[in-house]
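Undergrad: Need coordinates for the below:
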Amino acid sequence: HRQLFWEYQGQLAVREGGWKLVLDGKLDGSLPPPDRVHLSDLSKDPGERVNEAGRLPELTERLTRAAQDWLASLRADSQGRSRD
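TA: Residues are numbered from 1 along each chain as shown. Predicted structure coming up:
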């Protein structure tokens, strides 16, 4: 289950296989506001139009926790280095 994480302007995301989870995503101003949690099956929906989060709550929770843990570890590492 190799995962790829990124954070950009308050958005947090993780990719695992064909799944992509975005937390607090942002869209163009002309589009409706995105869901706070958006899970996409990129193998079937490369345009990320269908939110699968409600249909797959266990996967959504696991990826959300992984992304949040990753971000927390970055912040902890950053704080540890600033004290050295």
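Undergrad: ok, residue 20 - contacts?
TA: Residue 20 makes contact with 13, 14, 39, 40, 42, 48 under the criterion C-beta atoms under 8 Å, 6 or more residues apart in numbering. Just so you know, the C-beta spots here come from the backbone N, C-alpha and C atoms, and that holds for glycine as well.
Undergrad: So how do I select the buried members of those residues in ChimeraX?
TA: Buried residues within the contacts of residue 20, by 16 or more other C-beta atoms under 10 Å, are selected in ChimeraX with:
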select :13,14,39,40
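Undergrad: What segments of the chain are helices?
TA: 57-83 (DSSP state H).
Undergrad: Where does pLDDT dip in it?
TA: Within the chain, the stretches with pLDDT under 70 are 1, 27-33, 81-84.
Undergrad: Could you check how far the nearest residue to residue 6 once chain neighbours are set aside is from residue 80?
TA: Of all residues not flanking residue 6 in the chain, residue 13 sits nearest, at 5.4 Å (C-beta to C-beta, 6 or more residues apart in numbering). Distance check for residue 13 against residue 80: by C-beta to C-beta, to the nearest Å, it reads 24 Å.
Undergrad: Near residue 23, how many other residues are there?
TA: Applying other C-beta atoms under 10 Å, we find 19 residues neighbouring residue 23.
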